[in-house]
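Participant: show me the folded form of this:
(4 chains)
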Protein chains: 2
Amino acid sequence: MNARQKTERTRLSAEDWEHGALELIAESGVNALAVEALARRLGVTKGSFYWHFRNREALLLAALERWEQHDEADVLAQIEPIDDPRERLREIFHRVAREVQSHRIYAALLKALDHPVVLPLMTRVSQRRIQFLTEAYLQAAMPPKQAGHRARLAYAAFVGFLQLNLALGMPRLSHEEFDAYVEHVAETLIPH
Amino acid sequence: MNARQKTERTRLSAEDWEHGALELIAESGVNALAVEALARRLGVTKGSFYWHFRNREALLLAALERWEQHDEADVLAQIEPIDDPRERLREIFHRVAREVQSHRIYAALLKALDHPVVLPLMTRVSQRRIQFLTEAYLQAAMPPKQAGHRARLAYAAFVGFLQLNLALGMPRLSHEEFDAYVEHVAETLIPH
DNA sequence: TCGTTACCATACGCATGCGCATTGACAGCG
DNA sequence: CGCTGTCAATGCGCATGCGTATGGTAACGA
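Facilitator: Below is the predicted model:
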């Protein structure tokens, strides 16, 4: 009577648990990822969980590695095809501004940098992205040292932007003002 | 025999608890602020705590308000006397870069923006700081709308810089490289 | 000197959350 | 038809952390 009222459930796989974990993280942060809470969400109890994973930490690690390889990877893949480096940089800024939702997991991980599982992952991801930005600036004919610094600055602005937007509702800008802001950022951070 | 091995302790006041709370937050974040842990740190038990405060939340609120009124306030006070707006902006950037430690509480609060006590405080603080930056840019002869956008950008860069520095050990830059980076930021974000 | 106040200790109840052990359900295959 | 491996439910022990109750003690004023 009271079973399977969700979307016609069958059995669960480790992958199902990982997806559920990522959803939970995106919604409520890393701390909210609790075994029993997630089990309730999936319509089972934690007896199931400990068949698939050694412990909570193992789930977190598996979920984050999945995120790194999928979601994270195709962010860059979508932008790489653009040839003109300046145009590519502009596209990055506009994309980041528009698709704030897709960065919710990243923002949640930023708040959990003290966690031993999260730290090395975020170190990798951040270094990769800064590296990507650096190369874009280099291709835009910026001298090497300056390119590195500018990439760091742009990335810091991105991270801060996420914080101020997702957590704080900081901007409180109208649509037009927001577009003008993004345009200003592009003007300021992309060489002419 | 086992009592009072710390610095000759007498009785504690509410203020002592608030200071201890801020230290804990700076070291290990808002979540680490636990009543019993802090009591151990202060060499007493929680029996003392619940005499001074109604509950954990009340301590957090009191501690953060203390921080807002003291530490936070004189950050601006130190910079305000500088007359030339461009010079003032440069001083802000260099100060922020040099005195990273003093921003540890701010960085810890950034990670706890989902907490109902932290959110309104950080909203106030951030708006005040952005406002301050906006006025500095205005005084530097920047047109109004542009000044607002630039202030937002600079502040986002500041927030991201804190995250990447304190939590991640991102930069891993030598002293000279670091100075060059800060100089680059000033060059990029301050009008000529 | 005696009582009051301010501060602290001890002990408990309660909730949450992890991890483990045991048992049960069910499918596929021989 | 029954065995075996896979997945899930139940229940327990343990730890942590909040909040409360109650009792103790040192300091200070009257």
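Participant: packing partners of the longest helix seen in chain A?
Facilitator: Counting residues, the longest helix found in chain A (DSSP state H) is helix A:118-139. Helices and strands touching helix A:118-139, by 3 or more Cβ pairs under 8 Å, 6 or more residues apart in numbering or on different chains; DSSP states H and E, are helix A:56-69, helix A:71-79, helix A:85-98, helix A:104-110, helix A:144-162. From N, CA and C alone the C-beta is placed, and that goes for glycine too.
Participant: angle of the last one against helix A:85-98?
Facilitator: Interaxial angle, helix A:144-162 versus helix A:85-98 (axes from the mean of the first three to the mean of the last three Cα atoms, to 10 degrees): 20 degrees.
Participant: taking helix A:144-162 as reference, get the angle to the next helix-or-strand element following helix A:144-162.
Facilitator: As assigned by DSSP states H and E, the chain's next helix or strand after helix A:144-162 is helix A:175-189. With the same axes, to 10 degrees defining the directions, helix A:175-189 sits at 160 degrees from helix A:144-162.
Participant: can you list contacts of helix A:175-189?
Facilitator: Residues outside helix A:175-189 that contact it (Cβ atoms under 8 Å, 6 or more residues apart in numbering or on different chains) are A:89-90, A:93-94, A:97, A:150, A:153-154, A:157, A:171, A:173, B:145-146, B:149-150, B:152-153, B:188-189.
Participant: out of these, which are buried?
Facilitator: Listed as buried from these are A:89-90, A:93, A:97, A:150, A:153-154, A:157, B:146, B:149-150, B:152-153, B:188-189; burial here means 16 or more other Cβ atoms under 10 Å in any protein chain shown.
Participant: I'd say residue A:66 and residue A:20 touch.
Facilitator: No. The criterion here is Cβ atoms under 8 Å, and residue A:66 misses it with residue A:20 at 11.5 Å.
Participant: OK, contacts around residue A:122?
Facilitator: A:109, A:110, A:113, B:168.
Participant: nearest to residue B:104 among those residues?
Facilitator: Lowest distance from residue B:104 to the contacts of residue A:122 (Cβ to Cβ) belongs to residue A:113, with 13.1 Å.
Participant: and the closest one, how far from DNA strand D?
Facilitator: 19 Å (Cβ to the nearest atom of the strand, to the nearest Å).
Participant: just the CA coordinates of stretch A:151-167, formatted as PDB?
Facilitator: Output of stretch A:151-167 as PDB, limited to C-alpha atoms (Å, rounded to 0.1, in the frame of the first residue of the first chain):
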ATOM      1  CA  ALA A 151      43.300  34.800 -15.400                       C
ATOM      2  CA  ARG A 152      43.600  34.700 -11.600                       C
ATOM      3  CA  LEU A 153      41.700  38.000 -11.300                       C
ATOM      4  CA  ALA A 154      39.000  36.900 -13.600                       C
ATOM      5  CA  TYR A 155      38.600  33.600 -11.800                       C
ATOM      6  CA  ALA A 156      38.500  35.300  -8.400                       C
ATOM      7  CA  ALA A 157      35.800  37.600  -9.800                       C
ATOM      8  CA  PHE A 158      33.900  34.500 -10.900                       C
ATOM      9  CA  VAL A 159      34.100  32.900  -7.500                       C
ATOM     10  CA  GLY A 160      33.000  36.000  -5.700                       C
ATOM     11  CA  PHE A 161      30.200  36.500  -8.200                       C
ATOM     12  CA  LEU A 162      28.900  33.100  -7.400                       C
ATOM     13  CA  GLN A 163      29.000  33.700  -3.700                       C
ATOM     14  CA  LEU A 164      27.300  37.100  -3.900                       C
ATOM     15  CA  ASN A 165      24.700  35.800  -6.200                       C
ATOM     16  CA  LEU A 166      23.700  32.400  -5.100                       C
ATOM     17  CA  ALA A 167      24.000  32.800  -1.300                       C
END
